[in-house]
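**Q** build me a model:
(chains A and B)
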Amino acid sequence: MIRFIDIHKRFGSHVVLDGVSLDVDQGEVFYIVGMSGAGKSVLVKHLIGLIRPDKGQILLDKWDVTWLSEAELYSVRKSCAMVFQNSTLFDAMTVVDNVALPIRKHLKLSAGDVRDMALAKLDLVGMRKAADQMPAELGDGLKKRVAIARALTLDPRYVIFDEPTTGLDPLAAAQVDDLIRTLKAQAGVTSIVVSHDLRSIFSVADRIAMLYQGKVRIDGTPDEIRASEDPVVRQFFSGDPDGPMETT
Amino acid sequence: MALHALNTTHRASGNILASLGRPFLSAGRFLSELGRLFRDTAVAIARGRFSGAAVIKQAYEIGNRSVPFIAITLGVLGLISVYQVATQVAQIIPDFSMIGAAFIQMMVREFAPTITGLMVATRVGSGIAAEIGSMVVTEQVDALRMCNADPVEYLVAPRTIASAVMVVMLTAVGVVFATFAGMLVGKGAFGIPYNTFLSLQLTGIGDVAIGVTKALSYGIAIPVIASQAGLATTGGSAGVGWAATSAVVNTSFAVIVIDFVISALAFLVH
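**A** Residues are numbered from 1 along each chain as shown, chains lettered A, B, ... in the order given. Now for the predicted structure:
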């Protein structure tokens, strides 16, 4: 289980998170939505120590991970992977080397075993043939698949997806949604997904939380979200430009 | 009304104080971050936590690809220096016998390491800051941390080792080309025989030690300072540009400061 407890974060004078509290249950597919700049990516990065809160606590399976050192975060990052918004493949490495890096850094295996493990993960996402290509040779959708393969190398129990379907064609986006469902069904993986993709949200999510003006506006199942009478929630999910939401 | 005026005055004086103090706080934070990065880099190198292949790749980028640039710059510098000095000497005492010896000493001790350092600071420093800054804004540095790859071990340490070695070697290349160019102009314009010019009479082991120390110091400082600029990048592509500019300014300034410190210490010791 993951718990974000009263998280506050500001960058300079800009308050991004103003007391955000959320619980994510084991095995859940939990979507975090909100306008651009609402703090969705900032929030999830707290879980893996990429950002530290100004105030608040983050618990991972009752373990306080808020102020762990880089060395202590080793175990957290082994069990909690992240697929970044921009895929973030390392330009100077081949596809297979990108996927192999976490294996090399976390496990003491021979070069051959590392490569075999990496190729197996590329197989999962249908990218084995591109193993020796450079990231610059791939399109955005294919890069995203490689990024997912890299995130899954150590069989994590938790995966954070930061806008996994942004920039993908509908077929590729559907394949990513299917992968998230499969991870839950077959491996019990808990997924936290930051997304704007309404189609994906309502077809995959077990629960959805919406951030607005630094706070949690609503936290519920897809049906509860659809039934919400909150005008801000209704405006966001309907995509209506006119309404009470402050967009600046 | 008086209370409002008092509050306004209090706010104004607070703002003035804040404005005065802000640069000092900013400088303090920068020096603190830089100190931490130097420490972490030294620890990574001491523990052998870097890739040899990465060091060789960086050595090629920093060293081999800078050779033409350094050779031309120091060659032209040698040419101009000898011409200017010999012209002045001709007007005072037309005795050119010590020009070569003095020129070589100054090259070895001062000009070659420092000009090489400044050139490497502009060419390599901006490149390192831009490359690492781009990695920061595209979250590649975050992804490295997620893979348990320490960005200092992975990005900074190899560049530091490569730069330390290559700046010394580039300095040697610079000395050779500057001396060769100076020798040609000495002979061509002032009739100084080659064997008169090529004199190590004034160049001792102390001068070589000072030159090597300067080159090594610049070679260590440049990639660390440039990496700090890259790692501190915010704000997308504009931020990357600022990081590159900041790296050039800070590394160039560092070369001058280090030059002053080592020269002063050498003067006291020698």
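
**Q** C-terminal to the longest helix along chain A, what's the next element?
**A** Across chain A, the longest stretch assigned as helix under DSSP state H is helix A:170-187. Downstream of helix A:170-187, the first helix or strand assigned by DSSP states H and E is strand A:190-194.

**Q** touching the very next helix or strand once past that next one from outside, list them.
**A** As assigned by DSSP H and E, the chain's next helix or strand after strand A:190-194 is helix A:198-204. For helix A:198-204, the surrounding residues in contact (Cβ atoms under 8 Å, 6 or more residues apart in numbering or on different chains) are A:29, A:31, A:33, A:165, A:173, A:176-177, A:180-181, A:193, A:195, A:208, A:222, A:226, A:237, A:239. For every residue, glycine as well, the C-beta is placed using N, CA and C.

**Q** ok, back up a step: quick one: average pLDDT of the longest helix of chain A?
**A** Throughout helix A:170-187, pLDDT has a mean value of 86.

**Q** just stretch A:197-212 next, same as before
**A** Here stretch A:197-212 scores 91 as its mean pLDDT.

**Q** mind checking how far it is from the chain centre?
**A** Computed by Cα atoms, centre = their mean, to the nearest Å, the chain-centroid distance of stretch A:197-212 equals 13 Å.

**Q** go through it and flag the buried ones.
**A** Buried residues in stretch A:197-212, counting neighbours by 16 or more other Cβ atoms under 10 Å in any protein chain shown, are found at A:D197, A:S200, A:I201, A:V204, A:A205, A:D206, A:R207, A:I208, A:A209, A:M210, A:L211, A:Y212.

**Q** which intervals of chain A have sub-threshold pLDDT?
**A** Flagging of chain A using pLDDT under 70 yields the residue ranges A:247-248.

**Q** make it 50
**A** Scanning chain A for pLDDT under 50 picks out no residues.

**Q** circling back: max pairwise distance over the contacts of helix A:198-204: which two?
**A** For these, the farthest-apart pair by Cβ to Cβ is A:R181 and A:G239; their separation is 24.5 Å.

**Q** which residues in the chain form helices?
**A** In the absence of a named chain, chain A is used. Counting by DSSP H, chain A has helices at residues A:40-47, A:73-79, A:95-106, A:111-124, A:140-151, A:170-187, A:198-204, A:222-226, A:231-238.

**Q** oops, I was thinking of chain B
**A** With DSSP H as the criterion, chain B has helices spanning B:2-46, B:52-62, B:67-92, B:99-106, B:112-120, B:126-137, B:140-146, B:151, B:157-190, B:194-197, B:205-231, B:236-269.

**Q** chain B against chain A: which residues are in contact?
**A** Contact residues, chain B versus chain A (Cβ under 8 Å from any Cβ of the partner chain): B:T138, B:E139, B:Q140, B:D142, B:A143, B:L144, B:R145, B:M146, B:C147, B:N148, B:A149, B:D150.

**Q** count of neighbours near the fourth one?
**A** Spelled out, that is B:D142. 19 (other Cβ atoms under 10 Å in any protein chain shown).

**Q** one more: the first one?
**A** Neighbour count for B:T138, taken as other Cβ under 10 Å: 19.

**Q** hang on, it packs against A:L89?
**A** No: in this structure B:T138 lies outside contact range of A:L89 using Cβ atoms under 8 Å: 9.5 Å.

**Q** circling back to that earlier point, neighbour count: A:R181 and A:G239, which is higher?
**A** More crowded of A:R181 and A:G239, by other Cβ under 10 Å: A:R181, with 14 against 8.

**Q** hang on, the more buried one packs against A:V29?
**A** Yes: proximity of A:R181 to A:V29 meets the contact threshold set by Cβ under 8 Å, at 7.5 Å.

**Q** can you give me the distance of the closest residue to A:I2 other than its chain neighbours to A:N98?
**A** Nearest residue to A:I2, sequence neighbours excluded (Cβ to Cβ, 6 or more residues apart in numbering or on different chains): A:V24, at 4.1 Å. According to Cβ to Cβ, to the nearest Å, A:V24 stands 28 Å off from A:N98.

**Q** so for the two, which residue has more residues nearby?
**A** Remark: of A:V24 and A:N98, A:N98 carries more neighbours, 28 against 22, as counted by other Cβ under 10 Å.

**Q** quick one: contacts for that one?
**A** A:N98 neighbours (Cβ under 8 Å, 6+ apart): A:L89, A:F90, A:P135, A:V146, A:R150.

**Q** the first one: how many residues sit nearby?
**A** It refers to A:L89. When neighbours are defined as other Cβ under 10 Å, A:L89 has 26 of them.

**Q** thought it was touching A:A149?
**A** No: contact criterion Cβ under 8 Å: A:L89 and A:A149 do not qualify, at 10.3 Å.

**Q** okay, now the nearest residue in space to A:L89 that is not next to it in sequence: neighbour count?
**A** Take A:L89 and drop its neighbours on the chain: the residue closest to it by Cβ to Cβ, 6+ apart is A:P135, 4.0 Å away. Neighbour count for A:P135, taken as other Cβ under 10 Å: 20.

**Q** got the contact list for A:P135?
**A** Residues near A:P135 by Cβ under 8 Å, 6+ apart: A:S87, A:L89, A:F90, A:D91, A:M93, A:V95, A:N98, A:K143, A:V146.

**Q** distance of A:R157 from B:T233?
**A** As judged by Cβ to Cβ, A:R157 and B:T233 stand 33 Å apart.

**Q** the two: who's more crowded?
**A** Remark: of A:R157 and B:T233, B:T233 carries more neighbours, 25 against 17, as counted by other Cβ under 10 Å.
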